[in-house]
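Trainee: Fold the following and give me the result.
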Amino acid sequence: MRIAIIGQQDFGKAVMEAFLARGDTVAGVFCAPEKEGGKPDPMKVAAVEKGLTVFQFPSLKAPEAAAAMKGLDADIGIMAFVLQFAPQEFVNIPKHGTIQFHPSLLPKYRGPSSINWPITKGETKTGLTIFRPTDGLDEGAVILQKETPISGDDTLGTVYFDRLFPMGVQAMLEAADLVVAGRHREVVQDESQASYEGWFRAAEARVHWNQHVDWIHDTIRGADPAPGAWTTIGGRKLQLFGSRKHLVRTFGAVKGKIGEITEVGAETIRITAQGGQVEIAKVKPEDGKKVSAAQWAKDAGVAPGTILGT
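Mentor: The predicted structure is shown next:
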């Protein structure tokens with residue numbers, strides 16, 4: 001088939017390369033312009049290296065963007081990690097319209113941080129959706145969905161890189177084939193089940209030690225590796241990675257005060273919260289590198305009894 005791909009970053013690059021690898025024609029590539037002084041987008045770099053036609057419009061609402069899409073004579077448009085708004089007059093130009101990837105089980109977790117939030121909220125499964133883009137945010141008809149479980153120790157990194165990323169690349173190929181062959185179904189999203197979550201950024205990734213250990217553990221792993229859950233020590237930021245949860249079911253049996261480092265082991269540290277402790281494998285101090293939590297404690301002179309969040 002002849003495709004137009006709209007996307008960016010490593011996921012967009014992987015989807016583009018998957019279509020090329022099986023013999024499809026990438027008629028053109030639409031990438032968002034890089035910020036001034038920013039690194040070149042990996043998808044753009046790969047497209048240029050392969051001699052593909054690349055467009056970088058500040059807005060896909062511009063008449064020039066629609067004209068460029070019309071000139072490609074594409075069978076289908078493929079949206080793979082797109083942060084720019086793509087209007088209907090743009091996405092409807094290819095013969096079979098356009099399909100878009102979203103890393104959640106729509107209509108749940110619409111929005112830009114849809115991988116972080118299910119983990120942070122303690123969900124036991126998530127997935128991906130291939131759908132028709134509309135002028136609403138992640139509201140279009142569903143063409144294909146794939147599920148994956150979330151274990152109690154999964155992180156943003158394991159869910160995305162190990163599962164949703166490769167699953168998403170294959171799902172885009174599968175959905176494109178169904179649409180172009182006319183063998184797909186389009187299922188309208190159930191608005192009664194819809195949820196929207198905004199960006200999961202530093203403010204959302206802050207650890208509040210007076211919360212239950214479940215919440216703290218889920219926040220740390222939902223932010224691992226990015227944006228990185230964090231606390232403070234002596235007024236300076238300390239990011240936390242590699243959390244393991246240790247529940248204490250007997251009332252009053254939790255060792256230490258809330259936010260207290262109670263143990264510095266060979267590689268990890270333990271910190272007390274409501275209902276138990278979290279064991280932290282790695283930390284990243286402000287203006288420092290990510291290191292084992294125990295090594296950081298040794299280098300910084302941090303001993304059991306230290307209270308975090310101060």
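Trainee: Now do the SS call for residue 100.
Mentor: Under DSSP: H, G, I helix; E, B strand; the rest coil, residue 100 falls in the strand class.
Trainee: That one and residue 39: what is the separation?
Mentor: Distance, residue 100 to residue 39, using Cβ to Cβ, to the nearest Å: 25 Å. In short, each C-beta sits where N, CA and C put it, glycine included.
Trainee: more neighbours, these two?
Mentor: Between residue 100 and residue 39, counted using other Cβ atoms under 10 Å, residue 100 has the larger neighbour count: 25 against 8.
Trainee: How about the more buried one: what's its closest non-neighbour residue?
Mentor: residue 79 (3.9 Å; Cβ to Cβ, 6 or more residues apart in numbering).
Trainee: can I assume that neighbour sits in a helix?
Mentor: No. Secondary structure of residue 79, determined by three-state DSSP: strand, with no helix assignment.
Trainee: how deep is it tucked in, by neighbour count?
Mentor: 25.
Trainee: Over to residue 153?
Mentor: 12.
Trainee: Likewise for residue 117?
Mentor: Residues contacting residue 117 under the criterion other Cβ under 10 Å number 22.
Trainee: in this structure, what spans have low per-residue confidence?
Mentor: For the chain, the stretches with pLDDT under 70 are 251.
Trainee: Contact partners for the residue nearest to residue 100?
Mentor: Applying Cβ atoms under 8 Å, 6 or more residues apart in numbering, we find residue 79 in contact with 5, 6, 7, 86, 91, 98, 99, 100, 101, 133.
Trainee: The residue nearest to the last one when sequence neighbours are not counted pairs with what?
Mentor: Okay, so that is residue 133. Excluding its sequence neighbours, the residue lying closest to residue 133 (Cβ to Cβ, 6+ apart) is residue 100, at 4.4 Å. Partner residues in beta bridges with residue 100, using DSSP bridges, are residue 79, residue 131.
Trainee: For residue 12, see how far away residue 100 is.
Mentor: In terms of Cβ to Cβ, residue 100 sits 12 Å off from residue 12.
Trainee: Could you name every residue contacting both of these two?
Mentor: residue 82.
Trainee: sorry, back to before: my guess is the residue nearest to residue 133 meets residue 136, correct?
Mentor: No. Applying Cβ atoms under 8 Å as the test, residue 100 and residue 136 come out as separate, 11.9 Å apart.
Trainee: what sits in contact with each of those two?
Mentor: With Cβ under 8 Å, 6+ apart, residue 100 and residue 136 have no common neighbours.
Trainee: before we move on, what SS does the residue nearest to residue 152 when sequence neighbours are not counted have?
Mentor: Among residues not flanking residue 152 along the chain, residue 245 sits closest, at 7.1 Å (Cβ to Cβ, 6+ apart). Look at residue 245: counting by three-state DSSP, its state is strand.
Trainee: which residue ranges form the helices in the stretch 101-250 of the chain?
Mentor: 116-120, 156-157, 165-181, 213-222 (DSSP state H, counting those that start in this stretch).
Trainee: Any idea which of those gets closest to residue 289?
Mentor: helix 156-157 (17.7 Å; Cβ to Cβ).
Trainee: now the closest one, how far from the centre of its chain.
Mentor: 7 Å (Cα atoms, centre = their mean, to the nearest Å).
Trainee: Not counting its own residues, what contacts it?
Mentor: By Cβ under 8 Å, 6+ apart, helix 156-157 touches 115, 116, 119, 221, 222, 223, 224, 225, 226.
Trainee: before we move on, what about stretch 244-255?
Mentor: 152-153, 213-214, 217, 262, 268, 270, 272, 274-279, 281.
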